[in-house]
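*Asks:* Show me the folded form of this:
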Amino acid sequence: MNRLVVGNLVHRPLRSMISIFAVAIEIIMILSIAAIMLGMLSDQKTRTSGIGMDMIVRPGNSTYLNGVGGAPIPIKVGDVLKKIDHVDVAAPAIVQLTTGSAVENIYGIDFDSYNALRPFTFIEGGPFQTPTDIIVDDYFARADHGHKVGDTVEVLKHPFRISGIVEHGKGGRKFIPITTMGELIGSENHASVFYLKLDNNDAATEEAVKKQIKATPGMSDYQAQTIDEWLSLMTPEHLPAFTAALYTVIGIAVVIGFLVVFQSMYTAVMERTREIGVLKSMGASRLYIVRVVLGETGLLAISGIAVGIALTYAVRSALHLRFPTLSFYLTGPWLFRAALTAFIGAIAGAAYPAYKAARKDPIDALAYE
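*Replies:* Numbers count the residues shown, from 1 in each chain. Next up, the predicted model:
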């Protein structure tokens, strides 16, 4: 039976290759969208951890997603936070989401307080010298044929001079003065969040700081979270439309694979009607015929899965060359899920053709022209 399965596939190489690439495209679609979305999430968590804060303070009605909530906090709140016991640093920041050449968060910072959370590591240049200076990380500096200190880059449709290049992993990839950011977005003297550095970050101290913030007049509605609490929210389940978008793409990919395999195997069954009649006249059971059809499909699916995974890694390499800052997060569980989904979809696509082949009457099949 194995020779029969392989022989059937080799006998129609073009149809077999089309089916293999249909499954491969299904794998690429599933893995690519999952890898990009999970990569962005993982990268955001890693860079937020690198800020060096112990707690984050936001208005009660703001989203936990950086860059989405605007800049609703008066900057003078920082003076109040600094007076709270155990707070060493209260660094204001405006995190502004942009969707120009790339979707990214631009950080407006007060350099001295933000640097006090965890110092920048400068590779070239230094802090802001003018309101139109910008600090970029080394990933961005290597992108788009490279950038160096003194170059001009456009942010929020305004030109900025690169004053320094720092090691990546400290929140954003681009930092501008918070006063400049406030002017550009119409939120002068305001911030999106305050990052707090405590003199002791044990659980008791963190809880005491939270209670003091809640007890401060005018701040009862503010959210105060530890870094661990904030990171725990950065999961697919908490991201708006993340799961819906992911499974919509997976659904489209499965439908494509299903239809191509269905068409391929249905055509194969119709073309081999006489062969099926010969097999049944020689005593082949319905189960045997089903196993032949599903065996072909299984081999096509496994080949397509292997090709798809290989091409996904090729896509990742190509994207890293073109977009060095893009995170493409391939994981073992998602490789398994994509492979299992594609395999089940292919078998489902071959189920009806296999049933139709098994139901053929041997006399009618042998008379088929």
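
*Asks:* Pop the domain breakdown of this protein in here.
*Replies:* With domains defined by automatic domain parsing, the chain comprises 2-42+241-366, 60-221.

*Asks:* Which stretches in the stretch 1-150 of the chain count as helices?
*Replies:* Assigned by DSSP state H, counting those that start in this stretch, the helices in the stretch 1-150 of the chain fall at 2-11, 13-49, 77-82, 111-117, 138-142.

*Asks:* just to revisit the earlier point, closest one to Ile51 among the domains of the chain?
*Replies:* Relative to Ile51, the nearest member of the domains of the chain by CB to CB is domain 60-221, separated by 4.7 Å. Just so you know, the C-beta spots here come from the backbone N, C-alpha and C atoms, and that holds for glycine as well.

*Asks:* starting at the chain centroid, how far to that closest one?
*Replies:* Chain-centre distance of domain 60-221: 23 Å, with CA atoms, centre = their mean, to the nearest Å.

*Asks:* model confidence over that domain, on average?
*Replies:* Mean pLDDT, computed over domain 60-221, is 87.

*Asks:* Going forward, the N-terminal residue is numbered 752.
*Replies:* With the count now opening at 752, the last piece we talked about shows up as domain 811-972.

*Asks:* need the contact list for Met932.
*Replies:* Contact analysis of Met932 by CB atoms under 8 Å, 6 or more residues apart in numbering lists Ala822, Ile845, Gln847, Ile857, Gly859, Ser938.

*Asks:* Could you point out which of these is nearest to Phe911?
*Replies:* Nearest to Phe911 among those is Ile857, at 9.9 Å by CB to CB.

*Asks:* so who does Ile784 touch?
*Replies:* Per CB under 8 Å, 6+ apart, neighbours of Ile784: Ala996, Leu997, Val1000, Ile1001.

*Asks:* residues near Pro1075, how many?
*Replies:* Neighbourhood size, Pro1075 [other CB atoms under 10 Å]: 14.

*Asks:* Spatially, what comes nearest to it if we skip its sequence neighbours?
*Replies:* Closest residue to Pro1075 apart from its sequence neighbours, by CB to CB, 6 or more residues apart in numbering: Ala894 at 4.8 Å.

*Asks:* Number of residues surrounding that neighbour?
*Replies:* By the criterion of other CB under 10 Å, Ala894 has 17 neighbours.

*Asks:* how far away is it from Tyr1064?
*Replies:* Per CB to CB, to the nearest Å, Ala894 is found 21 Å from Tyr1064.

*Asks:* Can you check which of the helices of the stretch 752-901 of the chain gets nearest to Glu934?
*Replies:* Once the helices of the stretch 752-901 of the chain are compared by CB to CB, helix 862-868 is nearest, at 16.4 Å.

*Asks:* helices and strands around the closest one, which ones?
*Replies:* Helix 862-868 makes packing contacts with strand 838-850, strand 925-928, strand 944-949 when contacts are defined by 3 or more CB pairs under 8 Å, 6 or more residues apart in numbering; DSSP states H and E.

*Asks:* So which residues of this structure form strands?
*Replies:* For the chain, strands defined by DSSP state E occupy the ranges 806-809, 824-825, 838-850, 854-860, 873-876, 884-888, 903-906, 909-917, 925-928, 941-942, 944-949, 974-977.

*Asks:* With mean neighbour count as new columns, can those be given to me in a markdown table?
*Replies:* Converted to a markdown table, those look like this (neighbours: other CB atoms under 10 Å):
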| stretch | mean neighbour count |
| --- | --- |
| strand 806-809 | 23 |
| strand 824-825 | 20 |
| strand 838-850 | 21 |
| strand 854-860 | 22 |
| strand 873-876 | 16 |
| strand 884-888 | 24 |
| strand 903-906 | 15 |
| strand 909-917 | 20 |
| strand 925-928 | 24 |
| strand 941-942 | 24 |
| strand 944-949 | 24 |
| strand 974-977 | 19 |
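
*Asks:* can you put the ones you listed in TSV and add distance to Ile1007?
*Replies:* Formatted as TSV, the strands of the chain follow (distance: least, CB to CB, whole Å):
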stretch	distance to Ile1007
strand 806-809	42
strand 824-825	47
strand 838-850	28
strand 854-860	26
strand 873-876	45
strand 884-888	38
strand 903-906	39
strand 909-917	43
strand 925-928	38
strand 941-942	47
strand 944-949	42
strand 974-977	42
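
*Asks:* Can you say which of these is nearest to Ala1052?
*Replies:* Here strand 854-860 is closest among the strands of the chain (CB to CB), at 34.5 Å.

*Asks:* Check what contacts the closest one and list those residues.
*Replies:* Outside strand 854-860, the residues that touch it by CB under 8 Å, 6+ apart are 817-818, 842-849, 906-907, 922-933, 1076.

*Asks:* okay if I get the helices and strands packed on helix 862-868 as CSV plus distance to Ile1098?
*Replies:* Converted to CSV, the helices and strands packed on helix 862-868 look like this (distance: least, CB to CB, whole Å):
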stretch, distance to Ile1098
strand 838-850, 41
strand 925-928, 48
strand 944-949, 50
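
*Asks:* just so I know, which of those strands lies nearest Thr977?
*Replies:* For the helices and strands packed on helix 862-868, the distance to Thr977 is smallest for strand 944-949, at 9.5 Å, taking CB to CB.
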